[in-house]
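1. okay, sequence plus prediction incoming.
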Amino acid sequence: MKRRIRYYQLVFLKHDLPAGLSVFLVALPLCLGIALASGAPLYAGILSGIIGGLVVSIISGSQLGVSGPGAGLTTVVAASIISLGDYKIFLLSVIVAGLFQIVLGFMKLGVIANYFPSAVIKGMLAAIGIILISKQIPNALGYDQPDFWDSGFLKLFTDKHFFGNIENFHLHTSAGAITITIISLASFFILKKYFPERHTLLPAPLIAVVIGIVVNLIFERIASTFLLKQTQLVNIPHNLFAQISFPDFSKIFSSIEIWKDGLIIGLLATLETLLCVEAIDKLDIRNRITPVNRELFAQGIGNILCGALGAIPITAVIVRGSANVDAGGRTKLSAFTHGVFLLMTVLLIPFVVNMIPYASLAAILIVTGYNLTKPKLYKNMWSLGWKQFLPFMLTIIVILMTDLLVGVSIGLLLSVYFIIQNNFKAEYKIEKKREHATEVYRLKLNTNVTFLNKVNLKEALDKIPEYSVLHIDWSIT
């Protein structure tokens, strides 16, 4: 027993502790940035990371997965907060999302992600990337009016948003913020080109944040006209737990929108989690497989806590999980350790967090969005043919015009159409030949023929002329 304890102590000190620190350095700026992109209080992103690290990691069966606020939920969270009109009411939707995930886990529906075509999922992520980039442009330019771009993609160009603010735009931007954004983006480019991520001791998001802080301190000393205003810096309350908003349970049945948004958030969080789990399991050199239904249960508990404690919803996140793998994490203690570091940060050194420029976070999220919607992705989808490219593009266009749920549904319907069309063509074939002045037809039915083929089969049989010979072959080959 003592040997086993000693072994786990050595594993933790040698592998999980440094991996947890590395994941923390990646997670801190992303927690803040995703909260910013979601239109939620910044502390909500930190709380989500803490809950994902301290709670979900313990319940989950994943050894290398790391949970926290995910970029894939930013648009739906932002839209939900705006439509419900009150953050305390939005938190009820997060609780509903958690309950939905627990139900999915108990019903053993963790396999549902396997039924979503990859073209639709890639289209959803690409659309999220486009929206993520568009919503960060004002912050990247130093625009300090938080309601400048606060709704869907097409509404950005209405009089209330872009055209209504363009005349006074220069009054709310600053050369200092633009400079920090450019330097932060350049740091990502330099690190990727000359210092591959696996060989970098410090993660790129952390380096971008540190650069932003240092540059603003330099502005403070030598160039006051470039100095950022307080509205252009992160503002985490020093007494974080005194500022937390809690859900208003008296409104739980006041609107169907609360439940609708909760189900949408729960479904998208489930899909993102299951896709992430599958990807991280493939990176695990020990070939450990995550129990997906237990993962849904863990995520559901985590999201219920997020809603109850004033945090934004969480998912398993591929960026944090891959950082954990790259840093040499061995067990779930690395994810737990990253949660401990996040908690210690907000309790002990919140003043450091408040030195971070929004421009640095915007640069991080612009890079995150670009990674979701790279030109290479569109080229690859085009190379797969129209039956992959059309659902992919249609999903993107409809999401940008409406919302995530409608876009994914339309893309899914188009994919199903192509699947059914292929099924009609593949499940039977007719051969024709002539024997002794008589036309002979052979109708070969494949093993998977179903009622879906009934209409086409009737049409094919009607086309066979009278007085011909017809052989129907349904033998298994």
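-> Received, thanks. Residues are numbered from 1 along each chain as shown.
2. test my guess that residue 334 contacts residue 19.
-> Yes. Counting by Cβ atoms under 8 Å, a contact exists between residue 334 and residue 19, whose distance comes to 4.0 Å. For every residue, glycine as well, the C-beta is placed using N, CA and C.
3. so for these two, which residue has more residues nearby?
-> residue 334 (31 against 27; other Cβ atoms under 10 Å).
4. mind telling me what element the more buried one is part of?
-> Taking DSSP states H and E as the definition, residue 334 sits inside helix 333-348.
5. tell me the helix or strand right after that helix.
-> That would be, after helix 333-348 and using DSSP H and E, helix 350-353.
6. and that next one, how far out from the chain middle?
-> 27 Å (Cα atoms, centre = their mean, to the nearest Å).
7. for the helix holding residue 334, buried residues please.
-> Neighbour-count burial for helix 333-348, counted by 16 or more other Cβ atoms under 10 Å, picks out 333, 334, 335, 336, 337, 338, 339, 341, 342, 343, 345, 346.
8. just curious, which of the residues you listed is nearest to residue 215?
-> residue 345 (21.5 Å; Cβ to Cβ).
9. scan the chain for its longest helix.
-> Scanning the chain for the helix with the most residues, using DSSP state H, yields helix 256-283.
10. from the contact counts, what lies against the very next helix or strand once past it?
-> Next along the chain after helix 256-283, taking DSSP H and E as the criterion, comes helix 292-309. Other helices and strands packing on helix 292-309, by 3 or more Cβ pairs under 8 Å, 6 or more residues apart in numbering; DSSP states H and E, are helix 42-51, helix 57-59, strand 67-68, helix 87-106, helix 256-283, strand 315-316.
11. can you give me the offset of helix 292-309 from its chain's centre?
-> Using Cα atoms, centre = their mean, the offset of helix 292-309 from its chain centre is 16 Å.
12. stretch 259-269 too?
-> 13 Å.
13. ok and the longest helix of the chain relative to helix 87-106, angle-wise?
-> 50 degrees (axes from the mean of the first three to the mean of the last three Cα atoms, to 10 degrees).
14. give the buried residues for helix 256-283.
-> Neighbour-count burial for helix 256-283 [16+ other Cβ under 10 Å]: 258-259, 261-278, 280-281.
15. thinking again about what came up before, other residues contacting the helix holding residue 334?
-> By Cβ atoms under 8 Å, 6 or more residues apart in numbering, the surrounding residues in contact with helix 333-348 are 12, 15-17, 19-21, 23-24, 27-28, 31, 43, 46, 49-58, 64-67, 236, 240, 320, 324, 327, 329, 352-353.
16. out of the helices and strands packed on helix 292-309, nearest to residue 141?
-> helix 42-51 (19.4 Å).
17. can you show me the strands along this structure?
-> Using DSSP state E, the strands of the chain run over 67-68, 315-316, 428-435, 438-445, 469-473.
18. can you pull the pLDDT of residue 91?
-> Note on residue 91: pLDDT of 96.
19. contacting residues for the closest residue to residue 428 other than its chain neighbours?
-> Distances taken as Cβ to Cβ, 6 or more residues apart in numbering put residue 445 closest to residue 428, at 5.2 Å, once the chain neighbours are dropped. Taking Cβ under 8 Å, 6+ apart as the contact definition, residue 445 lies against 427, 428, 472, 473, 474.
20. ok, so of the residues you listed, who is nearest residue 316?
-> Using Cβ to Cβ, the contacts of residue 445 come closest to residue 316 at residue 427, 37.7 Å.
21. can you give me the end-to-end distance of stretch 433-443?
-> 12 Å (Cα to Cα, to the nearest Å).
22. what comes up buried for it?
-> In stretch 433-443, counting by 16+ other Cβ under 10 Å, buried: 441, 443.
23. other residues contacting it?
-> Under Cβ under 8 Å, 6+ apart, the answer for stretch 433-443 is 428-432, 460-461, 464-465, 467-473.
24. can you rerun that using 6 Å?
-> Residues outside stretch 433-443 that contact it (Cβ atoms under 6 Å, 6 or more residues apart in numbering): 430, 431, 432, 464, 468, 469, 470, 471, 472.
25. farthest-apart pair in the residues you listed, please.
-> So for the contacts of stretch 433-443, where distance means Cβ to Cβ, the most widely separated pair is 432 and 472, at 14.0 Å.
26. what pLDDT is listed against residue 335?
-> 94.
27. now it: closest residue in space that isn't a chain neighbour?
-> residue 57 (3.8 Å).
28. what sits against the one you found?
-> So residue 57 contacts 332, 335, 336 (Cβ under 6 Å, 6+ apart).
29. for the second one, give its distance to residue 284.
-> Residue 335 is 13 Å from residue 284, where distance means Cβ to Cβ, to the nearest Å.
30. could you do the last one as well?
-> Taking Cβ to Cβ as the measure, residue 336 and residue 284 are separated by 17 Å.
31. spatially, what comes nearest to the residue nearest in space to the middle of the chain if we skip its sequence neighbours?
-> The residue lying closest to the centre of the chain (Cα atoms, centre = their mean) is residue 72, at 2.3 Å. Closest residue to residue 72 apart from its sequence neighbours, by Cβ to Cβ, 6+ apart: residue 272 at 4.6 Å.
32. same check on residue 355?
-> Closest residue to residue 355 apart from its sequence neighbours, by Cβ to Cβ, 6+ apart: residue 213 at 4.9 Å.
33. for residue 208, what are its contacts?
-> 184, 187, 360, 363, 364.
34. helices - which of the residues you listed land there?
-> 184, 187, 360, 363, 364.
35. can I assume the first one is in contact with residue 361?
-> It refers to residue 184. No. With contact defined as Cβ atoms under 6 Å, residue 184 does not count as touching residue 361 (9.0 Å).
36. looking at the two now, which is surrounded by more residues?
-> residue 361 (31 against 28).
37. dump the residue contacts of the residue nearest to that one when sequence neighbours are not counted.
-> Once flanking residues are discounted, residue 361 sits nearest to residue 33: 4.0 Å by Cβ to Cβ, 6+ apart. Contact analysis of residue 33 by Cβ under 6 Å, 6+ apart lists 361, 364, 365.
38. do that again at 10 Å, thanks
-> Residue 33 sits next to 42, 45, 69, 71, 74, 132, 136, 139, 205, 208-209, 234, 356, 358, 360-366, 368 when contact means Cβ atoms under 10 Å, 6 or more residues apart in numbering.
39. what residues are up against the closest residue to residue 77 other than its chain neighbours?
-> Distance criterion Cβ to Cβ, 6+ apart; nearest residue to residue 77, sequence neighbours excluded, is residue 38 at 4.2 Å. With contact taken as Cβ under 10 Å, 6+ apart, residue 38 is in contact with 44-45, 48, 69, 71, 73-81, 90, 135, 312-313.
40. hmm, try it at 6 Å
-> Per Cβ under 6 Å, 6+ apart, neighbours of residue 38: 74, 77, 78, 312.
41. cool, and residue 212?
-> 180, 184, 357, 360.
42. over to residue 238?
-> residue 350.
43. for it, what are phi and psi?
-> phi -60, psi -40 (degrees, to the nearest 10).
44. tell me the domain boundaries of this protein?
-> Split into domains by automatic domain parsing, the chain comes to 2-120+148-157+224-355, 427-473.
45. closest one to residue 218 among these?
-> Nearest to residue 218, of those and by Cβ to Cβ, is domain 2-120+148-157+224-355 at 8.7 Å.
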